[in-house]
Structures are given as structure tokens and as C-alpha cells.
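Student: using only what follows, build the 3D model:
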Amino acid sequence: MRIEPSFFLQSDVLTVARNLLGKSVFTFKDGQLTGGIIVEVEAYKGVSDKASHAFGGRRTRRNEMMYHAGGVIYMYLCYGIHSMLNIVTNVEDVPDAILIRGIVPTHGEELMLRRTSKAQITKDIGIGPGKVSKLLGLTVADNGLSLSSDAVWIEDRGLVVPDGRIHATPRIGVDYAGEDALLPYRFCMDLSDYK
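Tutor: Here you go, the predicted model:
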């Protein structure tokens, strides 16, 4: 049921991003399992994408993990507060990545509530990339973890998401990217089944 490493080495980050919808992401930290269904993602196309941290071939200590072969996570801090979970794709030195923007919790809900100081699971508790990492217990200290590890991984649990239930829209919060901000690289599921 775990996604094979070859899945993350595919050359088309948009296809990989769309196909992550309906898959389940899990973490196992301090002996505790948490996980949820991936329902919203954004794709970033490496050096040619003005919204990408690697646009123009930029290579820094912060974004170095993007240049790794696909199948690891790239974690970075947004606004100095929120840890962001990204899945690195493509082959080594091609810095494509997919931001996980939303999950629906399925495992470890009590732990998720403690991590977020919430009283109950709501329909939007996992919608927003900062919320995703908090629910899963991931921080920038987890940057570079392999998706083949026992700490973080993605499974195909057989949930098929029909094309008609997937929406492609421009990404959120990338106005600085000019015309690239309008690209339909954000994919989200119709969440009517979960409301």
C-alpha cells in the first residue's frame, strides 16, 4: 500500500500532484501514528517557475533539498511560524516539489487535537499547509526525511478520485510570481463527502 519510490521520480510534477489527491500521508513520531487523506496540493516546476524557491536555478541552504532525487520531504518555515510540508519529485538536480495544502484526518485524531489545541475535529482542521504540518507533527527539523522511512510515508489506500471531483486553480499566496501566479497548479478535491 505504500507508494513506490519510482512514483516520486516521474518527470511531470503536475501529474504527480494531481495523483497525490486521495492518497494518505502518515507520520510515526515518538511511537504515535497520525495520518490523513491528501485533499489539496500545489505543484512547483523547479527552475522555470517564478513561484518556486528554485526559480532561475537558485540554490541555497534553505532549498537544497529540492535538488535531491524525488521521494524526500522538503520542509521550510513560512512567515517564521508555519512549517510547510513539500514532497520532492523528479530526478536529482531537477527541483520540482509539491506543497501539501490540505488533509482530512483519519488516524491519530486525539493526538492531532492535542497538537493543535483544538477541542474537536472540524471539516477545516487540516485545510491550510501550516495546519497540515502541525497535525502530522512535522517541523523544519524533519527536512530531508525519506518517504521510504518509518517516520513519514504516503500510502495508496484505494480511494479513486474521479476527474470531475478535482478542481485545478491558481496557487495561493504567490502574487510575486507575476504571470506564473495564474497557472492552474493547485489541485483540490471536492470535499462534499467529508462535510
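
Student: just the strands from this protein, written as ranges.
Tutor: Listed in chain order, the strands of the chain (DSSP state E) span 24-29, 32-45, 73-78, 82-89, 96-107, 152-155, 166-169, 186-189.

Student: what residues sit buried inside the second one?
Tutor: Neighbour-count burial for strand 32-45, with 16 or more other C-beta atoms under 10 Å as criterion, is recorded at 34, 35, 36, 37, 38, 39, 40, 41, 42, 43, 44, 45. Where you see a C-beta, it was placed from the backbone N, CA and C, and this is true even at glycine.

Student: could you do the first one as well?
Tutor: Using 16+ other C-beta under 10 Å as the burial criterion, the residues of strand 24-29 that qualify are 24, 25, 26, 27, 28.

Student: residues contacting the first one?
Tutor: What that stands for is residue 24. 35, 36, 37, 38, 106, 154, 155, 156, 157, 159 (C-beta atoms under 8 Å, 6 or more residues apart in numbering).

Student: could those residues go into CSV alongside distance to residue 138?
Tutor: Below are those laid out as CSV (distance: C-beta to C-beta, whole Å):
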residue, distance to residue 138
35, 12
36, 12
37, 17
38, 14
106, 16
154, 13
155, 16
156, 20
157, 20
159, 22
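
Student: I'd like those residues as CSV, with pLDDT and distance to residue 178 appended.
Tutor: Listed next are the contacts of residue 24 as CSV, based on pLDDT from 0 to 100; distance: C-beta to C-beta, whole Å:
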residue, pLDDT, distance to residue 178
35, 98, 37
36, 98, 33
37, 97, 33
38, 98, 28
106, 97, 38
154, 98, 32
155, 98, 37
156, 98, 36
157, 96, 39
159, 93, 36
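
Student: got a pLDDT number for the residue of the chain most remote from its centre?
Tutor: Outermost residue of the chain with respect to the C-alpha centroid, by C-alpha atoms, centre = their mean, is residue 119; its distance is 25.0 Å. pLDDT, residue 119: 95.

Student: name the nearest residue to it, sequence neighbours excluded.
Tutor: residue 113 (7.1 Å; C-beta to C-beta, 6 or more residues apart in numbering).

Student: okay, which residue is most central for the protein?
Tutor: residue 100 (2.1 Å).

Student: spatially, what comes nearest to that one if we skip its sequence neighbours?
Tutor: residue 85 (4.7 Å).

Student: return the distance of the one you found relative to residue 160.
Tutor: 23 Å (C-beta to C-beta, to the nearest Å).

Student: comparing the two, which shows the higher neighbour count?
Tutor: residue 85 (25 against 7; other C-beta atoms under 10 Å).

Student: how many neighbours does the closest residue to residue 159 other than its chain neighbours have?
Tutor: Excluding the flanking residues, the one nearest residue 159 by C-beta to C-beta, 6+ apart is residue 22, at 4.1 Å. Residue 22 is flanked by 19 other residues according to other C-beta under 10 Å.

Student: list the residues that contact residue 22.
Tutor: Here residue 22 is in contact with 37, 38, 39, 159, 160, 161, 189 (C-beta under 8 Å, 6+ apart).
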